[in-house]
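Colleague: next come a sequence and a model predicted from it.
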Amino acid sequence: MKRRELISTMAKGTALMLPALPLLTGGRESKQATATCGTPPGGRGAHYFPNVSVINHEGERAVFYRDLIKDKVVVINFMSIAFHEQYPITQNLAGLQQILGGRLGKDVFMYSITFDPVNDTPGKLKAFAARFDANPGWSFLTGSPAEVKAIQDRFFTTIDGRTHHGAPARCGADCARGIVRIGNETLGRWAAVPSRSRPEVMAHYFQFMGLAKPLDYFADMKHRS
């Protein structure tokens, strides 16, 4: 399916599952994830996702895979405070937060990771998060440039191992900025949606993420129809 057709399909609210992230079943750990704290035992993605140290907008440190990804349903995007003026997408995630309601921080976790860790300090990210009324369960993350790159390379890689940095020019400087990943690490089930999509389009993907209980949002939609 061509890129324009893909985006058009998603914009209409059709849940189109993309190929799973590569190497989730037995691949070797990335050589780029050099700043690691060791690989934790178990977990479908233990040998794929980097287990690097990150820090959130509240100043709390965590080990990325072990603490934030393993056994969770997650929403992940890359952003920066400066880039938001050019590409304002965080409000879409704020809308998704409203749809998730009380499930956020309990059944689903959202991670907005800066690709400008030199400038986006935890303090600046905290002020930025406050602009969008980020609730517990939505974390704005930073780390060293090497740690951030290790995470980015793992989430935005094509099925044959090429990064989006080498994709055609239509992707722009970095496709990671235009994509939101939604996944269930326990099941190894992942999808991607354009970051400019409406919040309800993003929420549509949770129907395929194996949540023990469907989002109330979909029950309400069925009731209205």
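Modeller: All right, it came through fine. None of the values given here were measured: they were computed from a predicted structure.
Colleague: residue ranges of the strands in the protein, please?
Modeller: Secondary structure of the chain by DSSP state E: the strands cover 53-56, 61-63, 73-79, 108-114, 138-142, 179-184, 189-194.
Colleague: just the buried positions in the fourth one, please.
Modeller: When you say that, I think you mean strand 108-114. Residues 108-114 are the ones in strand 108-114 that count as buried (16 or more other Cβ atoms under 10 Å). C-beta coordinates here come from the backbone N, C-alpha and C atoms, glycine included.
Colleague: name the nearest of those residues relative to Trp138.
Modeller: Met110 (4.1 Å; Cβ to Cβ).
Colleague: on that earlier part again, want to throw the buried residues of strand 108-114 into TSV with pLDDT?
Modeller: Below are the buried residues of strand 108-114 laid out as TSV (pLDDT from 0 to 100):
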residue	pLDDT
Val108	96
Phe109	97
Met110	98
Tyr111	98
Ser112	97
Ile113	96
Thr114	94
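Colleague: would you reformat the residues you listed as a markdown table and include distance to Arg66?
Modeller: Shown next, in a markdown table, are the buried residues of strand 108-114 (distance: Cβ to Cβ, whole Å):
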| residue | distance to Arg66 |
| --- | --- |
| Val108 | 18 |
| Phe109 | 14 |
| Met110 | 18 |
| Tyr111 | 14 |
| Ser112 | 20 |
| Ile113 | 16 |
| Thr114 | 21 |
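Colleague: contacts for stretch 59-73?
Modeller: 37, 39-40, 42-43, 45-46, 49-56, 74, 107-109, 111, 122, 126, 139, 141, 147, 151, 182-186, 206, 209-211 (Cβ atoms under 8 Å, 6 or more residues apart in numbering).
Colleague: give the contact list for Gln91.
Modeller: Phe132.
Colleague: mind redoing it with 10 Å?
Modeller: Neighbouring residues of Gln91 by Cβ atoms under 10 Å, 6 or more residues apart in numbering: 84, 131-132, 199.
Colleague: quick one: low-confidence parts of the protein?
Modeller: Per-residue confidence for the chain (pLDDT under 70) gives these ranges: 1-43, 157-175, 214, 216-225.
Colleague: one more pass at 50, please.
Modeller: Counting by pLDDT under 50, the chain has low-confidence residues at 1-41, 158-173, 222-225.
Colleague: tell me how far Gly188 lies from Tyr48.
Modeller: Distance, Gly188 to Tyr48, using Cβ to Cβ, to the nearest Å: 9 Å.
Colleague: who has more neighbours, those two?
Modeller: Tyr48 (25 against 14; other Cβ atoms under 10 Å).
Colleague: now Asn119, nearest residue through space, not along the chain?
Modeller: Ala82 (6.9 Å; Cβ to Cβ, 6 or more residues apart in numbering).
Colleague: quick check: the one you found touching Val118?
Modeller: No: contact criterion Cβ atoms under 10 Å: Ala82 and Val118 do not qualify, at 11.0 Å.
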